[in-house]
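# structure for the following, please:
(one chain, ligands or ions: 2)
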Amino acid sequence: MAQSFEAARSIILQSVSVLPSEPVALPDLVGRVIAEEILAPWDMPRWNNSAMDGFAVRAEDCVANRPLTVEGYIPAGGNAVGLTVKPGVAVKIMTGAPAPTGCDAIVPVEDTAEKDGRLVITTRVRPGDHLRIRGEDVRQDELVIDAGTVLRPAEINMLAAFGYRTVGVFRRAKVAILSTGDELVEPGEEIGPAQIYNSNDYSIAAAVRELGGEPLLLGIAGDDHESLAGKINAGLEADALITTAGVSMGDRDLVCDVLQSLGVERRFWKVDIKPGRPTAFGLKNGKPVFSLPGNPVSSMITFDQFVRPALLKMMGHQRVIMPSVRAVMQETVTKKPGRVQFLRVRVVDDGQQLRASSSGDQNTGILRTLLRANGIAFLPAELEQVTAGEEVDVQLIAPVDKL
Ligand code: AMP
Ligand code: MG
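Ligands and ions are numbered 1, 2, ... in the order given. Predicted coordinates:
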């Protein structure tokens with residue numbers, strides 16, 4: 001029996017679990033999900049310091065027509081030990097250098113002038129100006145990065161600033177990818193009549209890599225038990241296995257049979273969606289096996305809808321479903337009720353709202369329509385038609401154009 005789209009996706013998400021964590025060094029952390037909580041080991045900044053190149057002063061001394069005497073110099077990396085800003089005195093200081101005792105403000109060099117060997121202040125100075133205070137950024141023991149956070153450049157800066165060289169992050173999923181079909185040959189090889197190039201391996205591998213996984217290409221299995229079993233067995237060594245094609249009703253569609261014979265426990269076969277109906281999902285020793293339809297458009301759309309959230313969850317992500325925006329459909333689209341339809345659309349922003357139009361022929365054999373699309377509109381199963389002017393949910397797969 002075919003599953004509803006929602007049921008199929010929740011079966012998948014309930015079946016997969018987060019992979020173990022591993023230590024990873026700073027240069028390789030971007031996009032990884034941290035597996036530990038980071039508490040500030042000390043106050044940040046660690047000491048009061050200057051936010052500008054200039055002079056450390058007492059704000060009350062900075063009155064018109066009363067030049068200051070400059071005594072002492074603290075460069076970045078220098079220290080202020082033993083230096084005190086006494087009344088009528090300014091200490092030259094560089095950005096980031098520790099503030100000497102006695103000062104309560106920094107005057108930037110551009111707000112000063114020199115007159116007869118003394119320092120003239122040309123601006124109003126208030127206590128606290130251009131001083132960075134110990135702990136004003138982060139307090140010792142404060143939670144700065146929660147477990148489950150996706151590490152962006154800003155988090156990586158914070159980790160490095162606290163001296164971490166490696167942190168524990170969830171492992172990247174190793175994802176085996178297998179194409180099936182007697183008609184397939186590898187790109188670059190000579191192609192015979194009635195043969196086509198295996199293109200699915202490369203789109204699926206690209207999609208796996210794009211979300212942070214490690215694709216392992218198993219190549220092509222023919223439409224026979226032996227060839228399929230050999231490759232599928234190898235694929236079951238990975239954290240997840242994706243096969244494409246051979247899951248429909250054709251008499252050479254053997255993928256489901258072979259998976260079953262190898263002990264992959266089937267959780268569903270067929271989903272009420274278009275494109276992508278013959279999608280199947282199973283588990284072997286807790287590892288997910290996704291059997292996607294062979295049609296390139298169907299395999300990419302079912303990857304996005306089913307495989308992507310599962311891999312993201314395995315790699316520790318908490319938000320695994322692609323967000324959607326609302327867009328106004330520009331034409332009337334009719335559909336068969338009972339199946340969710342994923343419509344390839346072109347979304348533009350007219351300054352007031354987003355507008356979606358079909359990006360071309362929606363036949364699953366038309367790959368070009370997916371290249372033209374920057375969004376996938378979700379048309380709920382029960383709908384029979386979307387009338388021009390109605391809003392639909394669209395997952396954006398590329399930036400929106402401005403009208
Ligand atoms: P199937 O599900 O095996 O009937 O395949 C459906 C369609 O997808 C057929 O037209 C296949 O030739 C095509 N197809 C299957 N595998 C691939 C692949 N790896 N790359 C490109 N097209 C494929
Ligand atoms: Mg086939």
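# what residues does the stretch 201-350 of the chain have near ligand 2?
For the stretch 201-350 of the chain, the residues in contact with ligand 2 (C-beta under 5 Å from the ion) are 245, 246. The C-beta positions use only the backbone N, C-alpha and C, and glycine is treated the same way.
# dump the residue contacts of whatever residue of the stretch 201-350 of the chain ends up closest to ligand 1.
Nearest residue of the stretch 201-350 of the chain to ligand 1: residue 294, at 2.6 Å (C-beta to the nearest ligand atom). Shown here is residue 294, whose contacts under the criterion C-beta atoms under 8 Å, 6 or more residues apart in numbering are 180, 181, 200, 244, 245, 246, 247, 248.
# which stretches in this protein count as helices?
Along the chain, counting by DSSP state H, helices occupy 5-15, 153-161, 200-210, 225-235, 255-261, 296-302, 308-314, 368-372.
# let me know which of those helices is the nearest to residue 102.
For residue 102, the closest of the helices of the chain is helix 153-161, at 27.9 Å, according to C-beta to C-beta.
# what residues sit buried inside the closest one?
155, 156, 158, 159 (16 or more other C-beta atoms under 10 Å).
# which helices and strands sit right next to it?
Helix 153-161 sits against strand 143-145, with contacts defined as 3 or more C-beta pairs under 8 Å, 6 or more residues apart in numbering; DSSP states H and E.
# each with direction, which strands does the strand it packs on pair with?
Partners of strand 143-145 in the sheet, by DSSP bridges, are strand 38-39 (antiparallel).
# now stretch 86-101: mean pLDDT?
What stretch 86-101 shows for mean pLDDT is 97.
# for ligand 1, what's the nearest residue on the stretch 301-403 of the chain?
At 7.5 Å from ligand 1, residue 365 is the closest residue in the stretch 301-403 of the chain, using C-beta to the nearest ligand atom.
# show the contacting residues for that residue.
The neighbours of residue 365, taking C-beta under 8 Å, 6+ apart as the test, are 295, 297.
# tell me the spacing between it and residue 180.
18 Å (C-beta to C-beta, to the nearest Å).
# surely residue 169 touches residue 32?
Yes: because the distance of 3.9 Å satisfies C-beta atoms under 8 Å, residue 169 is recorded as touching residue 32.
# now do the shared contacts for these two.
Residues touching both residue 169 and residue 32 (C-beta under 8 Å, 6+ apart) are 24, 151.
# measure the closest residue in space to residue 47 that isn't next to it in sequence to residue 70 for me?
The shortest distance from residue 47 to any non-neighbouring residue, by C-beta to C-beta, 6 or more residues apart in numbering, is to residue 98 (4.9 Å). For residue 98, the distance to residue 70 equals 18 Å [C-beta to C-beta].
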